[in-house]
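In: turn this into a model:
(one chain, ligands or ions: 1)
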Amino acid sequence: MIKRTRVQEWSKGVLLMGRFEWFGTGCWLLHHNGVGAILELPPYSPDHQESPATKAYNVCKKRKIDVKYILCTHTHIDHFNAKTAREMQGAFPQAEVHLQRGFEGIAGMLNKVYFFDHDSKLDIGGEPLYLIHAPKHSWTDTHVIFKGTAITGDWELNTLRSAHDDKPRYAVPKEAKLAAIDKMSRFEHDYKYHIHKVFSVHANDRRENVDFTALMHDTKIDKAWF
Ligand SMILES: [Zn+2]
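Out: Model prediction:
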């Protein structure tokens, strides 16, 4: 049986369309004035899950949302899946794909794909959407900031530590992490933008009324998880 998930509005214009596979990666729709962006391209189990692309197509059709962008927070396999990416392009052939440069090797085959190195500012129906490269959990980590919400990918918050610190192939060195956290701690000031909500892309961490700059300062401290 194919399980269909219910769309949840986590914040105005920020919709969780579903969580996929056993790791529960979220696929999100960010929208404003009838224009939208799809965030995250997770793998799925076709035998018991609706594909993220089908879900997104139906949600956008029903709500009359024109998808302008396809986005992803980092290259890990539970976030970027080539089959899902191609299906998403099939559902929204007019949409541009905007990804951090580190995706080049795995996403170069897509159409209308644009790579950015540091930051990118997009426009969703007159509302800005920022993509900020900030490696901590992985080298391609991209924070997605829209309507006062920061979707922080798989960032481990309130500690400098990261899940892959013990894996030399994946770990981001401490200096690079500190630089990324510093950059995020300056975001509100530099962009004159107030962030008050923080969501993890897996939809397992939901924070409201957040002091984002203070949260970033706290994330610089090396604290044990347990
Ligand atoms: Zn993940």
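
In: near the ion, which residues of this structure show up?
Out: Near the ion, the residues belonging to the chain are 78, 154 when assessed by Cβ under 5 Å from the ion. The C-beta positions use only the backbone N, C-alpha and C, and glycine is treated the same way.

In: excluding covalently adjacent residues, which one is nearest to the residue sitting nearest the centre point of the chain?
Out: What sits nearest the mean C-alpha location of the chain, by Cα atoms, centre = their mean, is residue 73, with 3.7 Å. Counting by Cβ to Cβ, 6 or more residues apart in numbering, residue 153 is the residue found nearest to residue 73 once chain neighbours are left out, at 3.4 Å.

In: in which helix or strand does that neighbour reside?
Out: Using DSSP states H and E, residue 153 falls within no helix or strand.

In: if we can go back for a sec, doesn't residue 138 make contact with the residue nearest to the centre of the chain?
Out: No: taking Cβ atoms under 8 Å as the definition, residue 73 is not a contact partner of residue 138, at 9.0 Å.

In: mutual contacts of these two, please.
Out: Among the neighbours of residue 73, those also in contact with residue 138 (Cβ atoms under 8 Å, 6 or more residues apart in numbering) are 153, 154.

In: pull the number of nearby residues for residue 22.
Out: Residue 22 has 8 neighbours, counted by other Cβ atoms under 10 Å.

In: tell me the SS of it?
Out: Under DSSP: H, G, I helix; E, B strand; the rest coil, the three-state class of residue 22 is coil.

In: any idea how far residue 42 is from it?
Out: Counting by Cβ to Cβ, to the nearest Å, the separation of residue 22 from residue 42 is 11 Å.

In: quick check: residue 153 touching residue 200?
Out: Yes: between residue 153 and residue 200 there is a contact under Cβ under 8 Å: 7.5 Å.

In: which one's more surrounded, those two?
Out: Neighbour count, other Cβ under 10 Å: between residue 153 and residue 200, residue 153 has more, with 24 against 18.

In: give the contact list for the more buried one.
Out: Contacts of residue 153 by Cβ under 8 Å, 6+ apart are 73, 74, 79, 137, 138, 141, 142, 143, 144, 200, 201.

In: got a winner among those for most neighbours?
Out: The most crowded member of these, judged by other Cβ under 10 Å, is residue 73 (31 neighbours).

In: how many neighbours does residue 46 have?
Out: Around residue 46 there are 10 other residues, counting by other Cβ under 10 Å.

In: downstream of the top helix by length along the chain, the next helix or strand is which one?
Out: Longest helix of the chain, by residue count under DSSP state H: helix 174-191. Scanning forward in sequence from helix 174-191 by DSSP H and E, the next helix or strand is strand 197-199.

In: before I go, just wanted to say thanks for your time.
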